[in-house]
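# need a 3D model of the following:
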Amino acid sequence: VYDLPFETGKTVLIMQGYNGNFSHVNKYALDFRLRKGKLICAARGGNVLKVVEHNNIGGANIKYINHGNYVVIDHGDFTFSYYLHLQQYSVDVQVGETVGAGHQIGRIGNTGYSTEAHLHLEISNGFALGDSIMVLFEELRNLSGGVPFAGLNVISQNTNTTLTMSLNYSTCPLDLFSFRG
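Below is the predicted model of the structure:
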């Protein structure tokens, strides 16, 4: 189970839920609408695997697809969370850092293949964007069984917790891994 990737008390709109048909080629990606510069927090604890934050362009044209800023967190169980379209030079974590749920990782932006300021969140079961899996969110447990859906305004209850255990990076070779779900 994951927490919404925002500070406690923040109300956000889910623009595109699972099976979104506007821009997602993978059915389990999510888009959250917030104003540019608003904080993004880790949805679950893990190790920061990759950071890109130097890009400052974006738009609704596919030519911008490789110009987005993002953070990738490895959760140690061969799941990875991707936080995309971040604001230029707004990332607050670095590769190798261990973060807990609620740890501030960056700010909302509009970089890469993006129509407006928002957070694209995707959880994968392998180190490849697009291999997304369905996850449930604690804040939505009583509303929809944890499943996010488009048009829903939700309030984050994600608190900044310190990760109390050490996590190793996921090491299973991609060509040997088969998701059982």
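# count the neighbours of the residue lying closest to Ile155 once chain neighbours are set aside for me.
Distances taken as Cβ to Cβ, 6 or more residues apart in numbering place Thr11 nearest to Ile155, at 5.1 Å, with adjacent residues excluded. Any C-beta I mention is one placed from the backbone N, CA and C, and that applies to glycine too. Residues near Thr11, counting by other Cβ atoms under 10 Å, number 10.
# next: the one 10 residues further on.
A total of 8 residues lie near Asn21 under the criterion other Cβ under 10 Å.
# coming back round to it: how much space between the residue nearest to Ile155 and Ser144?
16 Å (Cβ to Cβ, to the nearest Å).
# returning to that earlier point: give me every residue that touches the residue nearest to Ile155.
Asn153, Val154, Ile155, Ser156 (Cβ atoms under 8 Å, 6 or more residues apart in numbering).
# tell me, how many residues neighbour the last one?
It stands for Ser156. 23.
# I figured it hits Phe32, correct?
No - using Cβ atoms under 8 Å, Ser156 is not in contact with Phe32; the gap is 9.6 Å.
# intersection of neighbour lists for those two?
With Cβ under 8 Å, 6+ apart as the test, Ser156 and Phe32 both reach Leu4, Pro5, Phe6, Val12.
# element containing the third one?
Per DSSP states H and E: Phe6 is located in neither a helix nor a strand.
# how about the last one?
Under the assignment given by DSSP H and E, the secondary-structure element containing Val12 is strand 11-16.
# got the buried residues for that strand?
For strand 11-16, a neighbour-count test (16 or more other Cβ atoms under 10 Å) marks Val12, Ile14, Met15, Gln16 as buried.
# residues contacting the residue lying closest to Lys10 once chain neighbours are set aside?
In this structure, Lys10 finds its nearest non-sequential neighbour in Ser156, 4.8 Å apart by Cβ to Cβ, 6+ apart. Counting by Cβ under 8 Å, 6+ apart, Ser156 makes contact with Asp3, Leu4, Pro5, Phe6, Glu7, Thr8, Gly9, Lys10, Thr11, Val12, Cys41, Glu139.
# tell me which of those residues is nearest to Gly59?
Val12 (22.7 Å; Cβ to Cβ).
# hang on, that closest one packs against Leu30?
No - here Val12 lies out of contact with Leu30, judged by Cβ under 8 Å, at a distance of 10.3 Å.
# against Ala43, how distant is the residue nearest to Ile155?
17 Å.
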